[in-house]
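# Quick one, structure for this:
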Amino acid sequence: MNLLRKLNCLFHYYPKSAPFSSLVSSFTTHQLTLTTFPPNPQIVLTTLCSNGQLKEALIEMAARGLEMKFESYDMLLNACIKKRAFREGQRVHAHMIKTRYLPPVYLRNRLIILYSKCDRLREARNVLDEMLEKDVVSWTAMISAYSQRGFATEALDLFLEMLRSVTEPNEFTFTAVLSSCTGTFGFELGKQIHSLIIKRTLDTHIFVGSSLLDMYFKAGRIHEAREVFESPPERDVVSCTAIISGYAQLGLDAEALELFRRLNLEGMSSNYVTYASVLTALSGLAALDLGKQVHNHVLRCKLPFYVVLQNSLIDIKCGNLIYSRRIFDNMPERTVISWTAMLVGYSKHGMGREGVLSGCSHGGMENVGLEIFEEMVNGKNGVEPDIEHYGCVVDLLVRAGRVEEAFQFIKKMPFEPTAALWGSLLGACKVHSNIDVGEFVGHRLLEIDPESAGNYVILSNLYASMGRWEDVRMVRDLMLKKAVKKEPGRSWIELDQTLHSFHASDPIPSHPRREEVFAKMKELSIKFKEAGYVPDLSCVLHDVDEEQKEKIFLGHSEKLALTFGLISTSDRAPLRVIKNLRTCVDCHNFAKFVSKIYMREVYLKDKNRFHHISMGVCSCGDYW
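A predicted model of the protein is given here:
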């Protein structure tokens, strides 16, 4: 570099106020020698912050004292936010106070964001409360911080306070607050917020629409969610994925799959989250062939294999543990969900040793499971038992028929029993005809979980099995009074990548082969009885004669699906059926006879587990 260029660079690098003579000490013919002179403080601070040298940057801040201005504070706060450096951020804040610098709204907002990202919500709220002037970013940043960390009440209260102020919420404010609109009060407020959104014509905004979808799905309001989805003039992959995921999470797997097909035809561009949601739905349907098809499509599209997608593949392939284990073994990174999906897969297939404590429950190894739990309680394996582990022990005891022991175990737990724990015990009381414990547990459940139709049904089943029809009617009347509706039983069977759906007590009115199914059902009923099949009619909730009860049982959806599979597939082809509820004892027995007499592999997935039936023997060992 020649002399002139060197001088030019120096001139532009240092402050224009510095005298030019201070740049040069001596000239020689071939070389320029420079003296030491003060560097530009702003450039020094910029360099330190860019390199992440916060400690040195804070020393520079202290040295500059009152000379610190907006740009310097902004630079330091951004560096602290990037590194989530709480202590360093506090020092910047303290320096402002000490030097009596009055930060504008923008810098105060940066402080709120800094404290929020460092999970110091009290400090963030203090900054907000001290602001004499707030803008929409101030309010939104704090509401978002509360919402993201589960402080729904605080988020909603702050939003109401914002509405009373002069600041108008924007699309980001609505997006933040809608995630806190859960529970009865939150949902009611959420509907009012939806009205505000429409009034401000923000309902077509992509992020707002997705948040509305999420709110309605969390409340189980599928029709309102669908109306929100259909209203925007255009959709993106986020909103499409949100509604597919919502259907899948509510157990409406067939609807989720149908919507995915429709959106694909409309040109939707799917990402890895979309495919993970579709695989969740296919897992619920036990549609292994369709799952393989989606897996192949993901491979062809060369989508990145994030852990969430691989976990979904493990879950869908749990209908075939060989595929699941192959995916699991080839994962470059595994999360706790990966391990849990694999362990649950083993346990649901009755492979208790591979599924550890949960598997002991499903595999009939109660003594082994109790020993493992005892070791946990005594701290021998480094795992402190939580409510989930206690739930496994309850499940383990009730499956072994030790109902009274399970009842005493729940009463002595260090945790408040959940509805799921009481529900597990109530189901066991029905299976083992323990009316005394069952009646107590049933009424306890109706107190703590009055919206769950399953609790009313199981209690009714218990009364019906004892012939206590007056009590059955009492439970039914209570359901009507509380407007609780029982989810109808549905089953699906996949043939040639097409899902055929069947409803309980609704003899497939629209199916083109319904007459064949009816005829085959009559044939099977006779053939199975000759082979020793005796219908278990104890679960029929009607005070009618045995013949009428048997007709009701023949209308169960999984029986219809299995019968359709027999007449629609070649000999020896496996039958894969999925049911949205727990399969009853009689349908389980029916499936075992289908397997034994017709030499078929039967895969029956209900709400609780997989049943792999071969030659009349089920992998569950008749524990489920």
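# From A281, how far off is the most centrally placed residue in the chain?
In the chain, the residue lying closest to the centroid (CA atoms, centre = their mean) is Q249, at 7.0 Å. Per CB to CB, to the nearest Å, Q249 is found 9 Å from A281. The way it works is simple: take the backbone N, C-alpha and C, and place the C-beta from them, glycine included.
# again, but for R262
Applying CB to CB to R262 and A281 gives a distance of 14 Å.
# so is D129 in a helix, a strand, or just coil?
Three-state call for D129 (DSSP: H, G, I helix; E, B strand; the rest coil): helix.
# Okay, it and I112: tell me how far apart.
Taken as CB to CB, the span from D129 to I112 is 11 Å.
# Run through the strands of the protein in chain order.
Assigned by DSSP state E, the chain shows strands spanning 26-27, 32-33, 490-495, 498-503, 575-579, 602-605, 610-614, 617-618.
# got the ones you listed as a markdown table, with distance to I197, mean neighbour count and mean pLDDT columns?
Formatted as a markdown table, these follow (distance: least, CB to CB, whole Å; neighbours: other CB atoms under 10 Å; pLDDT from 0 to 100):
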| stretch | distance to I197 | mean neighbour count | mean pLDDT |
| --- | --- | --- | --- |
| strand 26-27 | 71 | 10 | 37 |
| strand 32-33 | 66 | 12 | 40 |
| strand 490-495 | 34 | 22 | 84 |
| strand 498-503 | 36 | 17 | 81 |
| strand 575-579 | 38 | 26 | 87 |
| strand 602-605 | 40 | 25 | 87 |
| strand 610-614 | 43 | 22 | 85 |
| strand 617-618 | 51 | 17 | 89 |
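# Export those as CSV, with columns for distance to S460.
Output for the strands of the chain, formatted as CSV (distance: least, CB to CB, whole Å):
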stretch, distance to S460
strand 26-27, 103
strand 32-33, 97
strand 490-495, 20
strand 498-503, 20
strand 575-579, 19
strand 602-605, 24
strand 610-614, 25
strand 617-618, 26
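# can you pull the contacts of the residue nearest to A573 when sequence neighbours are not counted?
In space, A573 comes closest to R600 once its chain neighbours are excluded; the distance is 7.3 Å by CB to CB, 6 or more residues apart in numbering. Listed by CB atoms under 8 Å, 6 or more residues apart in numbering, the contact partners of R600 are 566, 572-575, 594.
# Mind putting those residues into JSON lines with distance to D203?
Below are these laid out as JSON lines (distance: CB to CB, whole Å):
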{"residue": "L566", "distance to D203": "50"}
{"residue": "R572", "distance to D203": "55"}
{"residue": "A573", "distance to D203": "49"}
{"residue": "P574", "distance to D203": "47"}
{"residue": "L575", "distance to D203": "46"}
{"residue": "V594", "distance to D203": "51"}
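# From the residues you listed, keep the buried residues only.
566, 575, 594 (16 or more other CB atoms under 10 Å).
# In stretch 154-169, which residues are buried?
154-156, 158-159, 162, 167, 169.
# what do you get for stretch 447-466?
Neighbour-count burial for stretch 447-466 [16+ other CB under 10 Å]: 452, 454-466.
# With stretch 131-140 instead?
Buried residues in stretch 131-140 (16+ other CB under 10 Å): 131, 134, 137-140.
# Any chance of those residues in TSV with pLDDT as columns?
Formatted as TSV, the buried residues of stretch 131-140 follow (pLDDT from 0 to 100):
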residue	pLDDT
M131	94
K134	95
V137	96
S138	96
W139	96
T140	96
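# isn't I567 right up against E516?
Yes. Between I567 and E516 there is a contact at 5.5 Å, judged by CB atoms under 8 Å.
# tell me the domain ranges of this structure?
As assigned by automatic domain parsing, the chain contains the domains 1-133, 356-481, 490-618.
# Could you export the ones you listed as TSV, including distance to T274?
TSV is the format used below for the domains of the chain (distance: least, CB to CB, whole Å):
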stretch	distance to T274
domain 1-133	29
domain 356-481	30
domain 490-618	19
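# Which ones among the buried residues of stretch 154-169 lie within helices?
154-156, 158-159, 162 (DSSP state H).
# Please determine how far K411 is located from V431.
For K411, the distance to V431 equals 21 Å [CB to CB].
# Which one's more surrounded, the two?
More crowded of K411 and V431, by other CB atoms under 10 Å: V431, with 18 against 8.
# mind listing what the more buried one touches?
V585.
# okay, now the closest residue to R490 other than its chain neighbours: neighbour count?
In space, and not counting its chain neighbours, R490 is closest to N580: 4.8 Å by CB to CB, 6+ apart. Burial of N580 is recorded as 20 neighbouring residues (other CB under 10 Å).
# Could I get the full set of helices for the stretch 401-550 of the chain?
Using DSSP state H, counting those that start in this stretch, the helices assigned to the stretch 401-550 of the chain run over residues 403-411, 419-431, 435-448, 453-465, 469-481, 514-530, 546-554.
# Give me the neighbour count for the spatially closest residue to P417 that is not a sequence neighbour.
Spatial nearest neighbour of P417, excluding adjacent residues (CB to CB, 6+ apart): I410 at 5.1 Å. Neighbour count for I410, taken as other CB under 10 Å: 21.
# shouldn't I410 be in contact with V394?
Yes. Using CB under 8 Å, I410 is in contact with V394, at 6.1 Å.
# which neighbours do the two share?
Taking CB under 8 Å, 6+ apart as the contact rule, I410 and V394 both touch 421, 425.
# List the residues that contact the closest residue to E56 other than its chain neighbours.
Leaving aside its sequence neighbours, E56 sits nearest to L48 (CB to CB, 6+ apart; 5.0 Å). Applying CB under 8 Å, 6+ apart to L48 gives the contacts 54, 56-57, 60.
# Compare the residues you listed and tell me which has the most neighbours.
Result: A57 is most packed of the contacts of L48 (other CB under 10 Å), 25 neighbours.
# circling back: R262 and A281 - which one has more neighbours?
Set side by side, R262 and A281 show more neighbours around A281, with 29 against 10, by other CB under 10 Å.
# Relative to D74, how far out is the more buried one?
Remark: distance between A281 and D74 (CB to CB) = 47 Å.
# try V177
28 Å.
# go on, H611?
Counting by CB to CB - H611 and D74 are separated by 62 Å.
# returning to what we had before: narrow the buried residues of stretch 131-140 to those in helices?
137-140.
# which residues touch the residue nearest to R125 when sequence neighbours are not counted?
Of all residues not flanking R125 in the chain, M142 sits nearest, at 6.5 Å (CB to CB, 6+ apart). Residues counted as contacts of M142 (CB under 8 Å, 6+ apart) are 112, 116, 124-125, 128, 158.
# List just the nearest of these to Y390.
S116 (35.3 Å; CB to CB).
# neighbours around the closest one, how many?
The tally of other residues near S116 (other CB under 10 Å) stands at 22.
# Same question for the one 10 residues further on.
Counted with other CB under 10 Å, the burial measure for N126 works out to 14 neighbours.
# follow-up on the earlier one: for the residue nearest to E56, give its distance to M162.
The value you get for L48 to M162, if CB to CB is used, is 37 Å.
# M466 too?
Taken as CB to CB, the span from M466 to M162 is 58 Å.
# Likewise for S147?
13 Å.
# swap in R100?
For R100 relative to M162 (CB to CB), the value is 29 Å.
# do E416 as well
On the measure of CB to CB, E416 and M162 end up 36 Å apart.
# And I435, by the same measure?
From I435 to M162 the distance is 56 Å (CB to CB).
# how about stretch 67-77: buried residues?
Within stretch 67-77, the residues scored as buried using 16+ other CB under 10 Å are 68, 72-77.
# Which residues are in contact with L160?
Neighbours of L160 in contact, by CB under 8 Å, 6+ apart: none.
# tell me the pLDDT at it?
Listed pLDDT for L160 reads 93.
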